[in-house]
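Engineer: Pasting the sequence and the predicted model now:
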Amino acid sequence: MSDDHDLRVLVVEDEPIAAQAHTEYVSRVPGFVVVDTVGTNRDALRVLRQSPVDVVLLDLNLPDRHGLDVVRAMRAAGYRADVIAVTSARDLDVVRTSVSLGVVQYLLKPFVFATLRDRLLAYRAYRDQLADVAELGSQSEVDDVFAGPRSPVDTRLPKGMGEELLLRVSRVLREAEGGRSASEIAEQVGVSRVTARRYAEYLSDNRQVTRSSRYAGAGRPEVEYLWSR
């Protein structure tokens, strides 16, 4: 349930698994509510016409239009929603164009919940800072506005862990009908049981999965991991 103070987010992502994940991630951050999740430029502009939106979580590689062209169309139509770009593109020209179009954050895929959470919280703090300000009183305040929302939190993974493998483990658990053991995750992902367990435990520590014991006859129970839906 949302309230009047929640920031309204439009998720634009054409890959179904990623769209579901991004929507779930946003929904878990206090102070944010997803107004819709769509997969095309056409649907994104339709939602912006029909619903109030504060920020667009925008995949730059859409099937019917490049994300930066979507931003241009938004501005031409007068939509003032801020944009957080979500992309695998590391091309410097794309990054520069994003900055010139006023994109407030640039988030590289794949990413974990904590990364998006911290970006959203930084964006919220930025919005709150400007909410009651009609005029800036100093150069430092002007600089803060031009700097935009910045996350002070270090969201890097623990040493030895990688974003790509974490995304693969997350996908296995998210798509599973029930819980999966470290051995089952390892078999599906193609890594050792120890590695699979480390990633599953990381997801558990971040409350993205829950741990439980699986009993199968005599002997020590096996730990299984279930995606938190």
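Structural biologist: It's in.
Engineer: does E224 count as helix, strand or coil?
Structural biologist: Counting by DSSP: H, G, I helix; E, B strand; the rest coil, the backbone at E224 sits in strand.
Engineer: That one touches Y215, doesn't it?
Structural biologist: No. Here E224 lies out of contact with Y215, judged by Cβ atoms under 8 Å, at a distance of 10.4 Å. The way it works is simple: take the backbone N, C-alpha and C, and place the C-beta from them, glycine included.
Engineer: Neighbour count: the two, which is higher?
Structural biologist: The residue with more neighbours, out of E224 and Y215, is E224; 22 against 9, by other Cβ atoms under 10 Å.
Engineer: which residues touch that one?
Structural biologist: With contacts defined as Cβ atoms under 8 Å, 6 or more residues apart in numbering, E224 is in contact with G178, G179, R180, S181, R211, S212, S213, R214.
Engineer: The last one: neighbouring residues, count only.
Structural biologist: Right, R214. One way to gauge burial is a neighbour count; for R214, by other Cβ under 10 Å, it gives 12.
Engineer: Now do the contacts for it.
Structural biologist: For R214, the set of contacting residues under the criterion of Cβ under 8 Å, 6+ apart consists of G179, S181, P221, E222, V223, E224.
Engineer: Quick check on those: which are buried?
Structural biologist: Applying a neighbour-count criterion of 16 or more other Cβ atoms under 10 Å, the buried members of these are G179, S181, V223, E224.
Engineer: Which pLDDT value does the model give the residue lying closest to the last one once chain neighbours are set aside?
Structural biologist: Pointing back at E224 there. Nearest in space to E224, with sequence neighbours left out and distances taken as Cβ to Cβ, 6 or more residues apart in numbering, is G179 at 3.5 Å. Looking at G179, its pLDDT stands at 89.
Engineer: wait, G179 sits on S204?
Structural biologist: No. With contact defined as Cβ under 8 Å, G179 and S204 do not form a contacting pair (11.5 Å).
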